[in-house]
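1. For reference, the sequence and a predicted model appear below.
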Amino acid sequence: MLKDLAKGTLIRKRTNKYNKLLASKTSAYDKWQRAREKEPVQAAEAPVQYETAENGELVPKKLPEPNVKVVPYGKVWEVQDNKKDETTVYLFVSPKGKLVKKASEVVKQYFIAHPEINVVYGDEDELGKGGKFIHPYFKPDWSPDSYLNAFYIGSFFACRAVAMHEAAAEYDNAVRMLGGTAHKKGSVEQTGLEASLLSADVLFCMLAIHEHAFGKRTGLEFPIGHIREVLFHRNPEQDVFYGRSFHTSRHMLLSPATVSIIIPSKDHPEVLQQCLNSIIETTGDDNIKYDIVIVDNGSNAANRVKYGVYASRAERKNGLTKINYIYKTQEFNFSAMCNQGAKNSSGEYLLFLNDDIECVKEGWMREMLSQAQLKHVGVVGAKLIYPETDLIQHAGIANVRRGPVHKLQKMHDNKSHYFGYNRGIHNMIGATAACLMVSRKKFNDVGGFPEELKVAFNDVDFCYSMHEKGYYNVCCNHIYLTHHESLTRGLDNLDPKKMERLAVEGDTLMTRHAHLYNVDPFYSPHLTEDETISAIIPKEDYTAPEDIPFATASIHERGIHGAREDQCLRIGCEYNGTMDNWLYGVTAKSNEEGYFLKGYSFVIGSDNAYFEKRLLLRLVQRFEDGAGPVGPKVYSFAPYVWYRPDIRVRLADQVNVDLTGYKLRIKKGLLPPGYYQIGMLAIDKTSRLKLVNWVPNILKIKNT
């Protein structure tokens, strides 16, 4: 009886402690935003510009300071647009919420710092129960194709008065692009939106046209600005898109076109046959003619015969003109095979397709082609779904801190994620070459796929190069194809050699595009930067890694006494390396900030509120030496705990798995140099149970 009473007391104590910590972690965004709103606005320094004086000398030009005027969306046409007004900035605002107090000053300072920008928008959130700030919409930088599909600009934007006056002449064109009609300084023809909100949308389109924002960029700079700061609080449950949200729609081709479909394949004849049949049966547009090039790098004799038979017998209909089968025994090099297919084809547009893609619905090729035909668009991808499920395999690529990831992978497509990310058409930094279309001219413009990247990241490199050329890449998430990739495929199941190869090719990618480390204009830095978190959510933890205190090591000379090694204790290691590499990327050569580890851990089948975690390190031989621990000595550390709602979603049948994240900083010189295997100790504070488990991940401690 007393024993049960004592255990009950321990359980209540652990549960209360857990819930208190969880409450503080789940309110992290609200606290962070309130703190930011209290911060003073930093005065901007305008770039130095020069003008020619009367004596012919160049002298610094003093730019006029902006004067911000707030204008409700319903009065956008009532402002006095003066073409000589060089000081006024109009801040147009929705009536469905309120600006933060310092919004006007933030906008003013932005225009001072960016005299080359005439139009800007910013981020927003929702005002929840009890005045709590919730559901922040951290928007992408200027995304012309996303805008044409949805009014993602949302609740406010600002422009210089001069730009508004000059843009007025483009009014009729703006209305036509949005597919509606309107009348300046008069009534707006209703199309399901409130007149005032439609007017704001039309005005923004006018301004975007004036700023040549629907054209190819000349470099990495964008023609429309984006303030990455929440400056508006929407009313509860107010639609951020004000009626024009990401949707499914049909698009017309600019002109008839020819497409060459390039499919690398080896020893998968039946898989390829399914792919070919699905293409033929779902492509029936009179304005599209296409041929198919199969690139085989060494199938066995029997499969080679099957490939030839399938290629020759495929029915030439629905626009298919011919199938070219190229066989050449060579090492697997995806880039080289794609480039070879491009050279042996003649279509104006190239569509790179995996042999395990199955086309399921008519119209997918027309939709991709309608985007690829736009002069400013680079590569065009599509949403891919796992077979016989509604789980997303690909909905575009985001470039987070450690490199490219498929956000929303293995998330259900039956619901809209993060403000329509898996709906409609979106500009993104890249898309997978499992289904990727591009014009031949643009393909040649970037030199095709990089053949030094043989297996992984070659498609990402290609997309990054297209972005650097000034094109906007697109993912069509209003259509989908089936990708017969295994649901179980992933880093967790790769052997150490494959992990090492992926790491090397990943480093090669980021070395070639070092300026893109932790940079993605279409994925906000305020969203989760973790490649293993599939969900798109605001950062779960607003404490910067460099602000986490260094951990203290406890030394266990003979191992962890009384602990049982058990696979029910799961560990995921998402980063283990130097802090310099985490902060600055693969080009960082120094090691002044010590080491950083992060990931997650939980106990299957138990209430995780009961457990206290200790991260473990033990000295081992290198992987290639095939040896285990050097000795029994183990180092243990108390990690920093962080909120992981993505784990909770994935483990809905488990108890208290919200606080499963761990982070750890180790000071340089704390541990002797060598290779350390990573593990975890879970101590049940309501009993005597101790669990331990190890993962293959190795932390290399360098000589000081």
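-> Perfect, thanks for sending it. Residues are numbered from 1 along each chain as shown.
2. list the contacts for the residue nearest the centre of the chain?
-> Centroid-nearest residue in the chain, with C-alpha atoms, centre = their mean: Ala398, separated by 2.6 Å. By C-beta atoms under 8 Å, 6 or more residues apart in numbering, Ala398 lies in contact with Pro404, Val405, Lys407, Met428, Ile429, Asp520, Phe522, Tyr523. Glycine gets a C-beta too; all of them are placed from N, C-alpha and C.
3. Return the subset of the residues you listed lying in strands.
-> Pro404, Val405 (DSSP state E).
4. List just the nearest of the contacts of Ala398 to Ala200.
-> Phe522 (22.9 Å; C-beta to C-beta).
5. what about the closest one, neighbour count?
-> 23 (other C-beta atoms under 10 Å).
6. contacting residues for the residue lying closest to it once chain neighbours are set aside?
-> Closest residue in space to Phe522, ignoring its immediate chain neighbours: Pro140 at 4.1 Å, by C-beta to C-beta, 6 or more residues apart in numbering. Going by C-beta under 8 Å, 6+ apart, Pro140 touches Ser146, Tyr152, His226, His426, Asn427, Pro521, Phe522, Tyr523, Ser524.
7. For the stretch 351-500 of the chain, which segments count as strands?
-> Along the stretch 351-500 of the chain, counting by DSSP state E, counting those that start in this stretch, strands occupy 357-358, 377-385, 392-394, 397-400, 403-406, 425-427, 435-439, 472-483.
8. which intervals of the stretch 351-500 of the chain have sub-threshold pLDDT?
-> 486-500 (pLDDT under 70).
9. nope, the stretch 151-300 of the chain is what I was after
-> Across the stretch 151-300 of the chain, the ranges flagged by pLDDT under 70 are 169-197.
10. That one: strands as residue ranges?
-> With DSSP E, counting those that start in this stretch as the criterion, the stretch 151-300 of the chain has strands spanning 156-160, 225-234, 257-264, 288-296.
11. Tell me what angle the shortest one forms with strand 225-234.
-> Relative orientation of strand 156-160 and strand 225-234, computed by axes from the mean of the first three to the mean of the last three C-alpha atoms, to 10 degrees: 140 degrees.
12. quick one: strands adjacent to strand 156-160?
-> Take DSSP bridges as the rule and strand 156-160 pairs in its sheet with strand 88-93 (antiparallel), strand 119-127 (antiparallel).
13. Let's have those in a markdown table, adding mean pLDDT.
-> Compiled in a markdown table, the strands paired with strand 156-160 are given as follows (pLDDT from 0 to 100):
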| stretch | mean pLDDT |
| --- | --- |
| strand 88-93 | 96 |
| strand 119-127 | 98 |
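14. could you redo these as a markdown table and give each row distance to Ile357?
-> Conversion of the strands paired with strand 156-160 to a markdown table gives the following (distance: least, C-beta to C-beta, whole Å):
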| stretch | distance to Ile357 |
| --- | --- |
| strand 88-93 | 44 |
| strand 119-127 | 36 |
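15. packing partners for the strand or helix carrying Ile323?
-> Counting by DSSP states H and E, the element that carries Ile323 is strand 320-327. Applying 3 or more C-beta pairs under 8 Å, 6 or more residues apart in numbering; DSSP states H and E, one finds that strand 320-327 makes contact with helix 269-282, strand 288-296, helix 301-313.
16. if you set the cut-off to 10 Å instead, what comes out?
-> With contacts taken as 3 or more C-beta pairs under 10 Å, 6 or more residues apart in numbering; DSSP states H and E, strand 320-327 sits against strand 257-264, helix 269-282, strand 288-296, helix 301-313, helix 334-343.
17. So for the fourth one, what gets flagged as buried?
-> In other words, helix 301-313. Buried residues in helix 301-313, counted by 16 or more other C-beta atoms under 10 Å: Asn303, Arg304, Lys306, Tyr307, Gly308, Tyr310, Ala311.
18. Tell me what angle it forms with helix 269-282.
-> Interaxial angle, helix 301-313 versus helix 269-282 (the same axes, to 10 degrees): 10 degrees.
19. What is helix 301-313 packed up against?
-> helix 269-282, strand 288-296, strand 320-327.
20. Could you dump these into TSV with distance to Ala168 and mean neighbour count added?
-> Output for those, formatted as TSV (distance: least, C-beta to C-beta, whole Å; neighbours: other C-beta atoms under 10 Å):
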stretch	distance to Ala168	mean neighbour count
helix 269-282	45	19
strand 288-296	39	23
strand 320-327	48	16
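21. Quick one, which of these gets closest to Arg570.
-> Between Arg570 and the helices and strands packed on helix 301-313, the shortest gap by C-beta to C-beta is with helix 269-282, which sits at 33.1 Å.
22. what's the angle from that closest one to strand 288-296?
-> 180 degrees.
23. The longest helix along the chain - what's its average pLDDT?
-> The single longest helix within the chain, with elements called by DSSP state H, is helix 2-26. Averaging pLDDT along helix 2-26 gives 86.
24. I'd like the next helix or strand past that helix.
-> Next along from helix 2-26, by DSSP H and E: helix 28-38.
25. what residues are up against Trp632?
-> One correction, residue 632 is Pro, not Trp. Residues in contact with Pro632 (C-beta atoms under 10 Å, 6 or more residues apart in numbering) are His556, Glu557, Arg558, Gly559, Ile560, Arg618.
26. cutoff 6 Å now
-> Arg558, Gly559 (C-beta atoms under 6 Å, 6 or more residues apart in numbering).
27. Next: Asp459.
-> Thr432, Ala433.
28. repeat for Glu531
-> Going by C-beta under 6 Å, 6+ apart, Glu531 touches Val400, Arg402, Val405.
29. Leaving out chain neighbours, which residue sits closest to it?
-> Val405 (4.3 Å).
30. can you redo the buried residues of helix 301-313 as TSV with pLDDT and distance to Asn297?
-> Formatted as TSV, these follow (pLDDT from 0 to 100; distance: C-beta to C-beta, whole Å):
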residue	pLDDT	distance to Asn297
Asn303	96	12
Arg304	95	11
Lys306	95	16
Tyr307	94	12
Gly308	93	15
Tyr310	92	17
Ala311	92	16
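31. If we only consider these, which is nearest to Phe596?
-> For the buried residues of helix 301-313, the nearest to Phe596 is Asn303 (47.1 Å; C-beta to C-beta).
32. Distance check, the closest one against Tyr50.
-> As judged by C-beta to C-beta, to the nearest Å, Asn303 and Tyr50 stand 69 Å apart.
33. how deep is Ala158 tucked in, by neighbour count?
-> 31.
34. so it makes contact with Val107?
-> Yes: using C-beta atoms under 6 Å, Ala158 makes contact with Val107 at a distance of 4.9 Å.
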